[in-house]
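In: A structural model of the following input is requested.
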Amino acid sequence: SMLLNLSNLRILKISTNSLQGTLPMLMGSLQQLENFDVSFNFLTGTLPTSIGLLTKLTGIFLSNNEFSSSIPTEIGLLTNLEIFNGQEVVFVGTIPTQIGAMTSLESLSLSTNQLSGTIPTEIGLAPIKSLVLVGNQIAGDANFLCGEGRAYRALW
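Out: All right, here's what the predicted structure looks like:
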């Protein structure tokens with residue numbers, strides 16, 4: 001793909017188009033990428049595990065696509081990520097515990113997916129200020145989210 005040759009690319013915003021197909025596994029070669037926005041398209045397949053190589057990312061915007069895959073555990077390698085918006089992308093499976101390793105994550109939006117299981121306790125380790133999990137099949141105890149020193153702006 002032509003985009004993969006843009007090794008100095010810092011912002012990729014191709015939202016609100018009619019893009020179809022899958023994200024290339026080689027997207028991990030975009031090592032300078034800081035902002036990745038493909039929301040409001042018709043993308044399918046999986047979120048590549050190579051996303052974990054994009055360690056300079058501060059924002060990922062995937063909403064309103066049709067990925068129908070699990071969230072790769074490699075997401076936990078993105079310690080500079082501040083915003084992860086994965087609303088309405090048909091994520092399945094559980095929320096990976098590795099999200100707790102995301103030391104800059106302030107906003108996590110995973111509403112209207114097909115996520116199941118419990119909210120991992122490790123999520124309480126990230127500095128999340130906005131957590132949106134509406135419209136999934138998540139169960140269990142969420143008391144740990146309100147531990148000492150936690151100050152949420154939004155919790156849905």
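In: and I75, what is it in contact with?
Out: I51, G52, L81, F84, P96, Q98, I99, M102 (C-beta atoms under 8 Å, 6 or more residues apart in numbering). For every residue, glycine as well, the C-beta is placed using N, CA and C.
In: likewise G28?
Out: By C-beta under 8 Å, 6+ apart, G28 lies in contact with P48, S50, I51, G52, L53, L54.
In: One more pass at 7 Å, please.
Out: P48, S50, I51, L53, L54 (C-beta atoms under 7 Å, 6 or more residues apart in numbering).
In: closest to I60 among those?
Out: I51 (7.6 Å; C-beta to C-beta).
In: Confirm the closest one sits in a helix?
Out: Yes: membership of I51 in a helix is supported by DSSP: H, G, I helix; E, B strand; the rest coil.
In: wait, doesn't it sit right on G76?
Out: No: shown here, I51 and G76 do not form a contact pair, counting by C-beta atoms under 7 Å, at 10.8 Å.
In: Is it correct that D37 is in contact with F61?
Out: Yes: using C-beta under 7 Å, D37 is in contact with F61, at 4.0 Å.
In: neighbouring contacts of the strand or helix carrying F36?
Out: Secondary structure assignment for F36, by DSSP states H and E: strand 35-37. Strand 35-37 has contacts (C-beta under 7 Å, 6+ apart) with I11, L12, K13, I14, S15, L57, T58, G59, I60, F61.
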